[in-house]
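> For reference, the sequence and a predicted model appear below.
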Amino acid sequence: MAFKDPLLNAVSNLCKRRGYIFPTSTVYGGLEGRYEYGPLGSLLKRNIAKDWWNTTVTSKENAFGMDSSIVQHPRTWQTSGHATVFGDKMATSLLTGNSLKVSKAPKISELDSRLEITAPSKNIASKWRKQIRSEFAPGIKMFTDGSKICLSVESVTDSHILFSGEDGPVHVAHHGILCPETNSPFLTEPKLHGGMFYSSTVSAGELAESFLTVMDENRDAPRAHLKKLIEDKYMESSRPLRPELAQSAFQQFRLLHHSVDRKFPMSVAQIGKAFRNEHSCGPFIYRLMEFEQMECYHFVNPEASERFALDLSVDRLSWWRSLARKPSNFKFVELEEGDRAHYASTAIDIEYSFPWGSEEVESIADRTDFDLKAHAEAASIAMTHTDGTTSFTPHCVEASAGLDRAIMAYLCDAYDTREVSSSTVNTVKPYLKLDKRIAPIKVAVFPIVHNNAQLVQIAKLLAKEFRTAGLYTMCSENASIGKRYVDHDEMGTPYCITVDDATIEKGTVTVRSRDTCIQEPMLLTDVVGSLLAYYKT
């Protein structure tokens, strides 16, 4: 796991070294876009999810949970629109051959009078210059400046760029965007890259046999028609893995509504896996094909939905910041109409300043009554709420947070380094300053030496007492005490407790803080109660 950004590279290396996150199938070289959580990563994941659930469900009035199926009826995705329009528009650079996401690409409208295409080297710039002149824009005027190819722009229309040419303007068709990697306008026409991830319900042999039958029965059909028939046959035997969790709550609205107190607003939350056919994954665990979402659907009166969405956004940002060492790295971004989903009347993203830039970690959207009305019409049933004499289709204000993205954000937020002194040399060591609520290991207990049976026994009994009290605790005997402190700093353990000679002589242990490195004596009889009170506040 090597990344260009130093911080991201350091975090990913620590994750692998300390058992937070591993690439999937490491013995076989890994699998793109898939990672697994190790001993500490799985604890961190559970702690974040638990705190989210407590904040979203346990502490709220008229909030409930559900746990839905990964595979839903095929009509679910036809009704929601996912089957036809879900995905990203992608284009390919004609110079590099790399794919790019249209929504993230610079806009043509921002062009200056001079367009500079950036190549990786002078040699490649020379090669691209010849390719542009021979294939994309014959007769165009241009010159190279090191690794840059410079072209003069005369004007831009909705469909073409007019470049200066040797015998007059050269018209080059454009698609409204530039390659973010090279600044080149020479791109293929954008096409929708389907975002649904499918799983076949039949064996590979049965599927192959059905394809052969289609081909035998349509030998003289045009290639495009035959392709469509094969696609249809594949879809008959496939089921999409859910790309979002929300549709189950919309389909089950009547059952959810009738099974609990019918007060409004009503909130339904769930945490679960979702799957997307991402064209490109990363960085690290930010964008994955298989990921976990924390979603809550607030069904509210239509007249109150806009205000509810704004208040909810403030509440959600407060939660993200409450677990962060640098809260200001989380911020609001209110989306303009063109950037919102077609069903959303209001959309606000919560973004985190990752090493490579600011990216979304949670989205709050007023989905209006779009989903409930769509499923009600498709299934020919009513999905309404009656308040006294008034009946209405509720609006859904959805808060959808990425659990993997939360893990990534808080690991980047917690990572730091400091100088550690030893008897021979000073070295810089990393440590994780994770919030106490999400730190995987709450307490580490050490006998100061491993060959004193009495100290080892006291340490083991103390660790057991912490575990009985509900705090995840490790007991370590190996390596020097200084090395064990450094190791647990890197794991993010807030407190280490050392059982030493003073424990036998005075009944005290040494309590060391991860954040300050200060060591203080405390009575052995008080230490469990003291730390338990600390973690409960």
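That came in fine, so what should we check first?
> From here on, just use CA atoms for contacts and neighbour counts.
OK.
> pretty sure residue 421 is touching residue 427, no?
Yes: the criterion here is C-alpha atoms under 8 Å, and residue 421 meets it with residue 427 at 6.5 Å.
> What residues does residue 172 make contact with?
Applying C-alpha atoms under 8 Å, 6 or more residues apart in numbering to residue 172 gives the contacts 136, 137, 160, 161, 162, 163.
> re the thing from before, which neighbours do residue 421 and residue 427 share?
Shared contacts of residue 421 and residue 427, defined by C-alpha under 8 Å, 6+ apart, are absent.
> Narrow the contacts of residue 172 to those that are buried.
Among these, those scoring as buried are 136, 137, 160, 161, 162, 163 (criterion: 16 or more other C-alpha atoms under 10 Å).
> Would you agree the fifth one falls within a strand?
Yes: for residue 162, which was evaluated using DSSP: H, G, I helix; E, B strand; the rest coil, the result is membership in a strand.
> Could you check the pLDDT of it?
Looking at residue 162, its pLDDT is 91.
> Show me the beta-bridge partners of it.
With DSSP bridges as the criterion, residue 162 is bridged to residue 155, residue 171.
> Looks like it contacts residue 154 (just checking).
Yes: shown here, residue 162 and residue 154 form a contact pair, counting by C-alpha under 8 Å, at 5.4 Å.
> list the buried ones in the lowest-mean-pLDDT helix or strand in the chain?
Ranked by mean pLDDT, DSSP states H and E, the helix or strand of the chain with the weakest confidence is helix 82-85, at a mean of 74. For helix 82-85, burial by neighbour count (16+ other C-alpha under 10 Å) applies to 82, 83.
> CA atoms only: put that helix into CSV for me.
As requested, the backbone C-alpha atoms of helix 82-85 are provided in CSV (Å, rounded to 0.1, in the frame of the first residue of the first chain):
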residue,chain,number,x,y,z
HIS,A,82,-31.0,2.9,-10.1
ALA,A,83,-31.4,0.3,-12.8
THR,A,84,-31.3,2.9,-15.6
VAL,A,85,-29.5,6.0,-14.4
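> Quick check: which ranges of the stretch 101-250 of the chain have low pLDDT?
Where the stretch 101-250 of the chain drops to pLDDT under 70, the residues are 110.
> where exactly do the helices run in it?
122-131, 204-217, 223-236, 246-251 (DSSP state H, counting those that start in this stretch).
> can you redo those helices as TSV with mean neighbour count and distance to residue 59?
Listed next are these as TSV, based on neighbours: other C-alpha atoms under 10 Å; distance: least, C-alpha to C-alpha, whole Å:
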stretch	mean neighbour count	distance to residue 59
helix 122-131	16	60
helix 204-217	13	48
helix 223-236	14	43
helix 246-251	20	21
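> closest to residue 279 out of the ones you listed?
Residue 279 lies closest to helix 223-236 among those, at 19.5 Å (C-alpha to C-alpha).
> would you put the C-alpha positions of that closest one in CSV?
Listed in CSV are the C-alpha atoms of helix 223-236, where the atom choice follows Å, rounded to 0.1, in the frame of the first residue of the first chain:
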residue,chain,number,x,y,z
ARG,A,223,-24.3,-7.2,-33.6
ALA,A,224,-25.9,-4.4,-31.5
HIS,A,225,-29.2,-6.3,-31.3
LEU,A,226,-27.4,-9.5,-30.3
LYS,A,227,-25.5,-7.7,-27.6
LYS,A,228,-28.8,-6.4,-26.2
LEU,A,229,-30.4,-9.9,-26.2
ILE,A,230,-27.4,-11.3,-24.3
GLU,A,231,-27.5,-8.4,-21.8
ASP,A,232,-31.2,-9.1,-21.2
LYS,A,233,-30.6,-12.8,-20.7
TYR,A,234,-27.8,-12.0,-18.2
MET,A,235,-30.1,-9.6,-16.3
GLU,A,236,-32.9,-12.3,-16.1
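> who's in contact with the helix or strand just after the least confident helix or strand of the chain?
Downstream of helix 82-85, the first helix or strand assigned by DSSP states H and E is strand 87-92. For strand 87-92, the external contacting residues (C-alpha under 8 Å, 6+ apart) are 98-103, 187-196.
> export the helices of the stretch 101-250 of the chain to JSON lines and tack on distance to residue 332?
Shown next, in JSON lines, are these (distance: least, C-alpha to C-alpha, whole Å):
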{"stretch": "helix 122-131", "distance to residue 332": "40"}
{"stretch": "helix 204-217", "distance to residue 332": "47"}
{"stretch": "helix 223-236", "distance to residue 332": "40"}
{"stretch": "helix 246-251", "distance to residue 332": "22"}
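> Nearest to residue 38 among those would be which one?
Set against residue 38 and scored by C-alpha to C-alpha, the helices of the stretch 101-250 of the chain come closest in helix 246-251, at 28.2 Å.
> Now the element after that closest one, going C-ward?
Heading C-terminal from helix 246-251 (DSSP H and E), you reach helix 253-259.
> which parts of the longest helix along the chain are buried?
Across the chain, the longest stretch assigned as helix under DSSP state H is helix 305-322. Neighbour-count burial for helix 305-322 flags 305, 306, 308, 309, 310, 312, 313, 316, 317, 319, 320 (criterion: 16+ other C-alpha under 10 Å).
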